[in-house]
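Novice: give me coordinates for this.
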Amino acid sequence: QVQLVESGGGLVQAGGSLRLSCAASGSTLNTNDVGWYRQNLGKARELVAVISSGDSTMCVSSVKGRCTISRDNAKNTVYLQINNLQPEDTADYYCNVGLWKYYSDYDYVFIPSGSWGQGTQVTVSP
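Specialist: So this is what the prediction gives:
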């Protein structure tokens, strides 16, 4: 089973950028759909971005225009970059493999199927 390790989080001022990494072992990520999620204490985990096995990508509306999801197959890693970070982006960020069904920007589903890692914390100060 694929093991995922997230990294790259930290403390950043509003307006800054971060690139988060999702490194995999035990399986190759390029044959999987991969989703990035975020979660705040007491709230449900929410999907942020997806990259398909065919390299189609989607960023949800809350980060659209500020988000880039990409993969480096040689490093077996998927990246999530968010620019112009805002305090509301503060959260723990997680990645997972799964199944992505996309019909439109308002009609899609990502069903995670792997084990959740420890996540990486992003804190955005005003």
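Novice: which SS state does S27 fall under?
Specialist: Three-state assignment for S27 (DSSP: H, G, I helix; E, B strand; the rest coil): coil.
Novice: got the phi and psi for it?
Specialist: Per-residue torsions, S27: phi -170, psi 160 (degrees, to the nearest 10).
Novice: and it, what does it touch?
Specialist: S27 makes contact with 1-2, 97, according to CB atoms under 8 Å, 6 or more residues apart in numbering. All C-beta spots, glycine's among them, are computed from the backbone N, C-alpha and C.
Novice: swap in A44?
Specialist: Contacts for A44 (CB under 8 Å, 6+ apart) come out as none.
Novice: in PyMOL, how would I select just the buried ones from the contacts of S27?
Specialist: In PyMOL, this line selects whichever of the contacts of S27 come out buried by 16 or more other CB atoms under 10 Å:
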select buried, resi 2+97
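Novice: the residue nearest the centre of the chain is in what secondary structure piece?
Specialist: In the chain, the C-alpha nearest the mean C-alpha coordinate belongs to W36, at 2.1 Å (CA atoms, centre = their mean). Assigned by DSSP states H and E, W36 falls within strand 33-39.
Novice: what's opposite the residue nearest to G114 when sequence neighbours are not counted in the beta bridge?
Specialist: Spatial nearest neighbour of G114, excluding adjacent residues (CB to CB, 6 or more residues apart in numbering): V97 at 4.4 Å. Here V97 shows beta-bridge partners V34, assigned using DSSP bridges.
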